[in-house]
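requesting a structural model of the entry that follows:
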Amino acid sequence: MISLVDIASISAAVVLAALGGDAFLKGVLGIAGWLRLPKLLVATTLAAFATSSPELTVSTIAALEGTPEIGLGDALGSNVVNIALILGLALLFGPIRAQRKELGRDFALALSVPLLTLWLASDGTLSRLDGVFLLLLFCLWMIAIVRDGVQARAAAAPVATPPLPTGALIYGLLGLAALILSGHLFVSGASGIAMAFGIDAYVIGATVVALGTSMPELVTVLISRWRGHDDIGIGTLLGSNLFNGMAIVGVAASIHPIQAPLAEITVTLAFGAAAVLLMIPNRAGLISSSRGIMLLTAYAGFVLTTIIMQGE
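Numbers count the residues shown, from 1 in each chain. Down below sits the predicted model:
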């Protein structure tokens, strides 16, 4: 039976998401200006890592409690949600401008990590050594990002360092806290409803929990669209995917080896990689609105396939 508490949790999550998303975007813009770094670079790192903190929390707690499969489903499923659902919804409002040369390395990595994860899990287990390997790859990516940041600051016109924008920092922290709480409330309410219908743990992790922990990305991207900051939205989604695929899965596997259901993982990774391919802009530097319909169709296919596989 569906609980009124679960419905109330989802309703509160929606309100908190709207309030937190607006504040978080203001914080990101203020910090980007203070650091004198491109908004895209800040979005790919700071914003992406911050909005992925719910996935990190869920995966770490699940691994410590000896059930890392839920965390794995959440991290991989969130990557499908990020691109197929969230970007698909954002594209319904019109095409998004994105430059291949600025995101080329990250696109290549976002396509390579799912293949690497599938290879690591081909024996049915993501071991602690596999987790350490993914974390090492994440560290190498971070080194490349830091190098980009240093080069961007060196290329910028020299100006006196402004004082730390306290207001932007407060907006960012309060907004992030509201987004994380929103995600937790959504996970709690939606998981309760899903379990009332007899849906199993992995499917809940890859769909319901993944959707809930992706609430920060969803709200950040949609508000970025409305405010005319598409670069922040794209950077947040791509950076979050890389953070989920390398850091979060790496941390979870390092804490506790993960028994990986190969068939289900293959489906999730395949849909995730297909979504990234649809995200790559054309030669004119645009992600067309028609891609949005294709991405949303892919997300519906992912959910349907996952549910069908559960019933077999």
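
how far off centre is the helix or strand containing residue 222?
Using DSSP states H and E, residue 222 falls within helix 215-226. Helix 215-226 sits 12 Å away from the centroid of its parent chain (C-alpha atoms, centre = their mean, to the nearest Å).

likewise for stretch 204-212?
Stretch 204-212 has its average C-alpha position 12 Å from the chain's average C-alpha position, going by C-alpha atoms, centre = their mean.

list the buried residues in it.
Within stretch 204-212, the residues scored as buried using 16 or more other C-beta atoms under 10 Å are 204, 205, 206, 207, 208, 209, 210, 211, 212. The way it works is simple: take the backbone N, C-alpha and C, and place the C-beta from them, glycine included.

reformat those as JSON lines; add pLDDT, secondary structure and distance to residue 43.
Formatted as JSON lines, those follow (pLDDT from 0 to 100; DSSP: H, G, I helix; E, B strand; the rest coil; distance: C-beta to C-beta, whole Å):
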{"residue": "204", "pLDDT": "70", "secondary structure": "helix", "distance to residue 43": "29"}
{"residue": "205", "pLDDT": "69", "secondary structure": "helix", "distance to residue 43": "26"}
{"residue": "206", "pLDDT": "71", "secondary structure": "helix", "distance to residue 43": "25"}
{"residue": "207", "pLDDT": "73", "secondary structure": "helix", "distance to residue 43": "26"}
{"residue": "208", "pLDDT": "72", "secondary structure": "helix", "distance to residue 43": "26"}
{"residue": "209", "pLDDT": "72", "secondary structure": "helix", "distance to residue 43": "24"}
{"residue": "210", "pLDDT": "76", "secondary structure": "helix", "distance to residue 43": "21"}
{"residue": "211", "pLDDT": "74", "secondary structure": "helix", "distance to residue 43": "21"}
{"residue": "212", "pLDDT": "72", "secondary structure": "helix", "distance to residue 43": "22"}
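
report the two of the residues you listed separated the most.
206 and 212 (11.8 Å; C-beta to C-beta).

overlap in contacts, the two.
Residues touching both residue 206 and residue 212 (C-beta atoms under 8 Å, 6 or more residues apart in numbering): none.

re the thing from before, and the helix holding residue 222, what does it pack against?
When contacts are defined as 3 or more C-beta pairs under 8 Å, 6 or more residues apart in numbering; DSSP states H and E, helix 215-226 packs onto helix 4-35, helix 48-51, helix 53-64, helix 88-91, helix 166-196, helix 230-242.

most tightly packed of these?
Burial of the helices and strands packed on helix 215-226 is given as mean neighbour count (mean count of other C-beta atoms under 10 Å); helix 230-242 ranks first at a mean of 27.

how about that helix as PDB, C-alpha atoms only?
Output of helix 230-242 as PDB, limited to C-alpha atoms (Å, rounded to 0.1, in the frame of the first residue of the first chain):
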ATOM      1  CA  ASP A 230      23.900  26.300 -21.200                       C
ATOM      2  CA  ASP A 231      27.600  25.800 -20.800                       C
ATOM      3  CA  ILE A 232      27.100  25.200 -17.100                       C
ATOM      4  CA  GLY A 233      24.400  22.600 -17.800                       C
ATOM      5  CA  ILE A 234      26.400  20.700 -20.300                       C
ATOM      6  CA  GLY A 235      29.600  20.800 -18.100                       C
ATOM      7  CA  THR A 236      27.700  19.600 -15.000                       C
ATOM      8  CA  LEU A 237      26.200  16.600 -16.800                       C
ATOM      9  CA  LEU A 238      29.400  15.500 -18.500                       C
ATOM     10  CA  GLY A 239      31.500  16.000 -15.300                       C
ATOM     11  CA  SER A 240      28.900  14.200 -13.200                       C
ATOM     12  CA  ASN A 241      28.900  11.200 -15.500                       C
ATOM     13  CA  LEU A 242      32.700  11.000 -15.300                       C
END
